[in-house]
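K.L.:
Here is my input; please provide its structure:
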Amino acid sequence: MDAMGVPIGLVGWGTYFPPQIETAADLVPRTGIPETVLREKLGIRQRHVAGPDDTITAMATAAARQALEQAGVPAAKINLVISHGSEFKNHILWNAAGKIQHDLGAHAAYGFEVYALCASGVIALNTAWALMQADPRLEYVLLTAASRENDLINYRNPRARFMYNFGAGAGAMVLRRGETRNRILGASFITDGSLSETILFKQTPEAIGEDEGLLPGGYYGRLDVDAYEWMAERLAEVSLPNFVRTIREAVEWSGFSLSDVRFLGISQMKRSFWLEVLDAIGLKPEQSVYLEDHGHVQSVDQVLALQLGLEQGKVKPGDLIVLAGAGGGYTWGAVAIQWG
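P.N.:
Next up is the predicted model:
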């Protein structure tokens, strides 16, 4: 064991996206917003939309199968399944990890959920890393998540405008204890609890809109923001500094500096803010991936950005990369990984 503990590496990853696609043009009549604004300001070129069979666990299981296949690891060897997907899932008050574990055939594993909205992906990575450090029995851990949060939006509610980019899909990662490839090095997180009650699932007529019935799973309501102007002002003050702080701390905890980072996989957001974050940490747009063809898929964004970064040749062996995200509550987080 070295100074950083037992090496924990990422050995497999995968995604799943429903075949149905909505483009920016498709959203114009629903939102009343011009296509150019949807594309250029909100960053929506297209997004995937879940069908009736695309439950949270079905999508998460599909992504997990892809990750296991790539890792060359049979489901029977998985020791732990962590679901970090949406709370808007098959059933209310329910642990989705057990269903995913069963459907995969990972019968030697136990399973639980980690939930911090759109920050769940990086928090789940750190949670798995810590558990694997402490427990030598955890050789393989599967992280998987899915979201269809776009169902929860009333597209005529201007207070929900920043959530119009929500899309459906799933992602998964397989971690191995003792693996030096693609090694997790450090992490950092911060929460601003003053924003904890800004984005809420509500049953008011203003939130739901007209002629809207029950959602899949028996839910009734839509996401809404009461203090929209205050939330926007507060996020303008703290979001960029908190992204930069967590990214810097994750990198420095790993023994590096921001100048060593070669790639950032970060949550989907409006393009102008994405560019601000990159500039603040000294990266160029070519050193990241903008997720305009998938939308914001909650805590799936990080593994999707990594997968696309690899496919596009933006992530190379030896690179120090950072996966970062932020979620309502409001929590920001980042994880540093030495690739290769």
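K.L.:
only C-alpha atoms for contact and neighbour calcs from this point on.
P.N.:
OK.
K.L.:
so where do the strands sit in the protein?
P.N.:
Taking DSSP state E as the test, the strands found in the chain are 8-16, 21-23, 46-48, 80-83, 110-113, 140-147, 169-177, 183-191, 199-202, 222-225, 261-266, 320-327, 331-338.
K.L.:
what's the most buried one of those?
P.N.:
Burial of those is given as mean neighbour count (mean count of other Cα atoms under 10 Å); strand 140-147 ranks first at a mean of 30.
K.L.:
would you put the C-alpha positions of that one in CSV?
P.N.:
Extracted in CSV, the C-alpha atoms of strand 140-147 (Å, rounded to 0.1, in the frame of the first residue of the first chain):
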residue,chain,number,x,y,z
TYR,A,140,-15.5,-5.1,-7.9
VAL,A,141,-18.1,-2.3,-7.3
LEU,A,142,-20.7,-1.3,-9.9
LEU,A,143,-22.0,2.2,-10.0
THR,A,144,-25.0,2.8,-12.2
ALA,A,145,-27.6,5.5,-12.7
ALA,A,146,-30.5,6.5,-14.9
SER,A,147,-32.7,9.5,-15.2
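K.L.:
Quick check: nearest residue in space to residue 131, chain neighbours excluded?
P.N.:
Among residues not flanking residue 131 along the chain, residue 138 sits closest, at 7.8 Å (Cα to Cα, 6 or more residues apart in numbering).
K.L.:
List the buried residues of the helix or strand bottoming out on mean pLDDT in the chain.
P.N.:
Here the helix or strand of the chain ranked lowest by mean pLDDT, DSSP states H and E is helix 205-208, holding a mean of 91. Of all the residues in helix 205-208, those buried under the rule 16 or more other Cα atoms under 10 Å are 207-208.
K.L.:
then that helix to PDB, C-alphas only?
P.N.:
Written as PDB, here are the backbone C-alpha positions of helix 205-208 (Å, rounded to 0.1, in the frame of the first residue of the first chain):
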ATOM      1  CA  PRO A 205     -51.500  24.400 -10.500                       C
ATOM      2  CA  GLU A 206     -48.700  26.800 -11.400                       C
ATOM      3  CA  ALA A 207     -46.100  24.000 -11.300                       C
ATOM      4  CA  ILE A 208     -48.100  21.400 -13.000                       C
END
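K.L.:
What segments of the protein are helices?
P.N.:
Ranges of helices in the chain, per DSSP state H, are 24-31, 35-40, 56-71, 96-104, 120-134, 205-208, 228-253, 271-280, 301-311.
K.L.:
quick one: buried residues of the fifth one?
P.N.:
For helix 120-134, burial by neighbour count (16+ other Cα under 10 Å) applies to 120-126, 128-129, 132-133.
K.L.:
What is it packed up against?
P.N.:
If contacts are counted by 3 or more Cα pairs under 8 Å, 6 or more residues apart in numbering; DSSP states H and E, helix 120-134 sits against strand 8-16, strand 140-147, strand 320-327, strand 331-338.
K.L.:
and residue 105, which of those is closest to it?
P.N.:
Of all those, it is strand 140-147 that lies closest to residue 105, at 12.5 Å by Cα to Cα.
K.L.:
contacts for that closest one?
P.N.:
Contact with strand 140-147 is made by 56-57, 59-61, 63-64, 77-86, 88, 121, 124-125, 128, 167-177, 297-300, as judged by Cα atoms under 8 Å, 6 or more residues apart in numbering.
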